[in-house]
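Q: Fold the following, please.
(chains A and B, ligands or ions: 1)
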Amino acid sequence: MARKLPALNPDNIAFWQGGKTGSLNIHHCSCCRRYFHPPAPICPHCLSQDVAPRPVSGRGRVISYTINHQRWQAALEVPYVVAIVELEEQMGLRLVSNIVGMPADEVRIDLPVRVTFSQIEDVWLPFFERDA
Amino acid sequence: MMFDRLFEKDVAISGVGQSEVGRPSSLSAMKLTLDATLEAIADAGLTRDDIDGVACWPGDNNNGDAFSPVGPNALISTLGLKVNWFGGGYEGPGPLAGLINGAMAIATGLCKHVLVFRTITEASRRQTDKTASALSNKTIGRDSSFFWQWYTPFNVLSGINLMAMYAQRHFHDYGTRPEQLAQIAMTCRANAALNPKAVYRTPMGLDDYMASRMISTPLRMLDCDVHCDASTAIVLSRIDAARGGPNPPIRLEAIGAALHQPWSWDQIDLTAMVTGEVAHMMWSRTDLKPSDLGSAQLYDGFSILTMIWLEALGLCPVGEGGRFIEGGGNIARDGLIPINTNGGQLSGGRTHGLGYVHEACNQLWGRAGERQLKPHHASVVAAGGGPLGGSVLLVRE
Ligand SMILES: [Zn+2]
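A: I've put the predicted structure just below:
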């Protein structure tokens, strides 16, 4: 089925279009040198506005997940895995995504994963796959 | 933080009301609302003309959708109220936000009697549209919301996907098991058998739970609350005015409404959500202790949330929720802390927030009929999941 896509704006465009050049872009604060997500024009830790998207490794681990079995919409393919991934750059740096390219029932907490992009229109969705 | 004056202690519940709980109801959303609110006003010994404030969560912020089809504006017009203050809106400390806002309006002297209500018609809506409540329907076209855009592109189409990840992490960190979590649903079903208004009243065993369809691992269909059409209303009164009414005032002894983390479903503590700061705030505003409670009416939009509230409120140690509810004895009607004595939302119906307050008051007033607990004077109500959370400690004078 057609995924709901985000409306792009100056704050989120680097994240949603990073996959065009193969990079996962996460906002970083030049003042306190910490990453934060979701992106915003200000650092939530130190309130510096000296912030900008920066490419990260795209590697992390699953810190929680669920296998969705419910067909919420007629054309939805199930099952699929929704996960919270913590990126290796910083403890607590998380985002929600899907785990793809592996059997759903093999996903585990602490599974190492790496980003893989899927383009739909002008959005590159950052999914994650098992990091061998 | 210490305060000179704890505003909520000047406010009491003076009356409650509730419409039929239908699945679905043939009544309109407004008729359900009138049935609940007029009953609550009469229960408080008041008339329409005494009401000088109206509060609601979340209000009619979605153009009359089934999640909240009636807001303060519509009710004020329909009942011909003359109010000093009114308010509604989604952004607040969860389903108890209307009650908390109403209490503030009284404590600040804006109002004397505030009518708080919550109407929901998701059961009838689902008959025509199974996807009516999908998160992807919160915005039209592309997702322009500050928060939901981080979820909907990944087919997080229901809140259960998020709650399931809290449950998965709780299972991982603390060894919680499905057979333990089952006790939330089973306890609610057992309680619902004693509530003539409850949606599901047939007995449920562990086998029924384990055989229930998996929706989003590790949560099953029987971990989800049941949609209904209903309205619930509470009248809040200034404490001196409440003392002149027909019911012993039920004081708002303490409120928990804190949010110390991002308003987010994934950037928060995954096994506590915001329940920790909410409960800490509430207990810091009272001398009462968890052992003083005669019942706990705890949000069960999904079963895992009830277990997390039990932990946060100090009814069992953090991480011990699974072992505490195992076998069901501790949370049963005759247990250490009876929960969701009207069947909760899991079996009673998703009245969404105020249903817990309604039940707590009826128990405190000793008029819960066949399901009446032994006499008690204090009860806690807590509602919400993820970044939504609030709690109220109720004490009968
Ligand atoms: Zn910073």
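Q: buried sites along whichever helix or strand residue B:99 is part of?
A: Per DSSP states H and E, residue B:99 falls inside helix B:97-107. Across helix B:97-107, burial judged by 16 or more other CB atoms under 10 Å in any protein chain shown covers B:97, B:98, B:99, B:100, B:101, B:102, B:103, B:104, B:105, B:106, B:107. The C-beta positions use only the backbone N, C-alpha and C, and glycine is treated the same way.
Q: Of these, just say which sits nearest to chain A.
A: Closest approach to chain A among the buried residues of helix B:97-107 (CB to the nearest CB): residue B:97, at 23.4 Å.
Q: so what's the closest one closest to, chain neighbours aside?
A: residue B:57 (4.1 Å; CB to CB, 6 or more residues apart in numbering or on different chains).
Q: the helices in chain A, which residues?
A: According to DSSP state H, chain A carries its helices in the segments A:13-17.
Q: what does it have sitting close to chain B?
A: A:3-8, A:12, A:37-38, A:44, A:63-70, A:72-73, A:76, A:80, A:82-84, A:94-98, A:109, A:123, A:125 (CB under 8 Å from any CB of the partner chain).
Q: which of these count as buried?
A: A:3-6, A:8, A:12, A:37-38, A:63-68, A:70, A:72, A:80, A:82-84, A:94-98, A:109, A:123, A:125.
Q: Okay, and which of the residues you listed map to strands?
A: Here DSSP state E is the test, and those give A:63-68, A:80, A:82-84, A:94-98, A:123, A:125 as lying in strands.
Q: for the record, mean pLDDT for stretch B:198-213?
A: Stretch B:198-213 carries an average pLDDT of 98.
Q: no, scratch that, I was asking about stretch B:150-161
A: The pLDDT scores in stretch B:150-161 average 97.
Q: Endpoints of that stretch, how far apart?
A: Counting by CA to CA, to the nearest Å, the length from the leading to the trailing residue of stretch B:150-161 is 13 Å.
Q: Please compute how far that stretch lies from its chain's middle.
A: Counting by CA atoms, centre = their mean, to the nearest Å, stretch B:150-161 is centred 23 Å from the centre of its parent chain.
Q: So which residues make contact with that stretch?
A: For stretch B:150-161, the external contacting residues (CB atoms under 8 Å, 6 or more residues apart in numbering or on different chains) are A:3-6, A:38, A:66, A:68, A:70, A:72-73, A:76, A:80, A:82, A:95-98, A:123, A:125, B:131, B:133-136, B:138, B:143, B:162, B:215-216, B:219, B:224, B:264-266, B:301-302, B:385-386.
Q: Low-confidence ranges, chain B, go.
A: B:1-3, B:62, B:132-133 (pLDDT under 70).
Q: How is it divided into domains?
A: If you go by automatic domain parsing, the domain ranges for chain B are B:7-123+B:228-242, B:158-227+B:249-396.
Q: What backbone torsions are found at residue B:198?
A: Residue B:198 adopts backbone torsions of phi -70, psi 150, taken as degrees, to the nearest 10.
Q: Point me to the residue of the stretch 51-200 of chain B nearest the ion.
A: Closest residue of the stretch 51-200 of chain B to the ion, CB to the ion: residue B:146 (19.5 Å).
Q: contacting residues around the closest residue to that residue other than its chain neighbours?
A: With CB to CB, 6+ apart as the criterion, residue B:146 has its nearest non-adjacent residue at 7.8 Å, and that residue is residue A:38. For residue A:38, the contact set (CB under 8 Å, 6+ apart) comprises A:12, A:15, A:27, B:146, B:150, B:264, B:267.
Q: what pLDDT does the closest residue to the third one other than its chain neighbours get?
A: Put plainly, it is residue A:27. Among residues not flanking residue A:27 along the chain, residue A:39 sits closest, at 4.1 Å (CB to CB, 6+ apart). Predicted confidence (pLDDT) for residue A:39: 98.
Q: Pull the contacting residues for residue A:39.
A: A:11, A:12, A:14, A:15, A:26, A:27, A:53 are the contacts of residue A:39 under CB under 8 Å, 6+ apart.
Q: on that earlier part again, quick check: the gap between the residue nearest to residue B:97 and chain A.
A: According to CB to the nearest CB, to the nearest Å, residue B:57 stands 25 Å off from chain A.
Q: For that residue, give me its contacts.
A: Residue B:57 neighbours (CB under 8 Å, 6+ apart): B:88-90, B:92, B:94-99, B:101, B:118, B:353.
Q: Farthest pair within those?
A: Pairwise distances across these (CB to CB) peak at 14.8 Å, for the pair B:90 and B:99.
Q: ok, back up a step: tell me the buried residues within the contacts of residue A:39.
A: Buried among the contacts of residue A:39 (16+ other CB under 10 Å): A:12, A:14, A:15, A:26, A:27, A:53.
Q: tell me which of the residues you listed is nearest to the ion?
A: Among the buried ones among the contacts of residue A:39, residue A:27 lies closest to the ion (CB to the ion), at 9.9 Å.
Q: Nearest residue to the residue of the stretch 251-397 of chain B found nearest the ion in space, please, no chain neighbours.
A: Across the stretch 251-397 of chain B, no residue is closer to the ion than residue B:262, which sits at 14.6 Å (CB to the ion). Of all residues beyond its chain neighbours, the one nearest residue B:262 is residue B:268 (6.6 Å), with distances taken as CB to CB, 6+ apart.
Q: burial of the one you found, as a residue count?
A: Here the count is done by other CB atoms under 10 Å in any protein chain shown, and residue B:268 has 21 residues near it.
Q: would you say it is within a strand?
A: No. Counting by DSSP: H, G, I helix; E, B strand; the rest coil, one finds residue B:268 to be coil, located in no strand.
Q: residues touching it, list them.
A: B:261, B:262, B:274, B:386, B:387.
Q: Dihedrals phi and psi, the third one?
A: Main-chain dihedrals, residue B:274, degrees, to the nearest 10: phi -100, psi 10.
Q: So the closest residue to it other than its chain neighbours versus chain A, what's the distance?
A: Using CB to CB, 6+ apart and skipping residues adjacent in sequence, the residue nearest residue B:274 is residue B:389, 4.2 Å away. Counting by CB to the nearest CB, the separation of residue B:389 from chain A is 19 Å.
Q: my guess is residue B:389 contacts residue B:313, does it?
A: No. Using CB atoms under 8 Å, residue B:389 is not in contact with residue B:313, being 11.1 Å away.
Q: which neighbours do these two share?
A: Residues touching both residue B:389 and residue B:313 by CB under 8 Å, 6+ apart: B:275, B:382.
Q: what about these two, which has more around it?
A: More crowded of residue B:389 and residue B:313, by other CB under 10 Å: residue B:389, with 31 against 25.
Q: From residue B:58, how far out is the more buried one?
A: Using CB to CB, to the nearest Å, residue B:389 is found at 14 Å from residue B:58.
Q: what does residue B:311 give?
A: As for residue B:311, its distance to residue B:58 is 26 Å (criterion: CB to CB).
Q: Next: residue B:382.
A: Going from residue B:382 to residue B:58 by CB to CB gives 18 Å.
Q: Give me the more crowded residue out of those two.
A: Neighbour comparison, residue B:382 and residue B:58: the larger count goes to residue B:382, with 29 against 22 (by other CB under 10 Å).
Q: can I get the CA coordinates of the helix or strand harbouring that one in PDB?
A: Residue B:382 is part of strand B:378-383, with elements assigned from DSSP H and E. The C-alpha atoms that make up strand B:378-383 are tabulated as PDB, following Å, rounded to 0.1, in the frame of the first residue of the first chain:
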ATOM      1  CA  ALA B 378      -8.800   7.000  49.100                       C
ATOM      2  CA  SER B 379      -8.300   6.000  45.500                       C
ATOM      3  CA  VAL B 380      -6.000   6.800  42.700                       C
ATOM      4  CA  VAL B 381      -6.900   7.300  39.000                       C
ATOM      5  CA  ALA B 382      -4.100   7.400  36.400                       C
ATOM      6  CA  ALA B 383      -4.500   7.700  32.700                       C
END
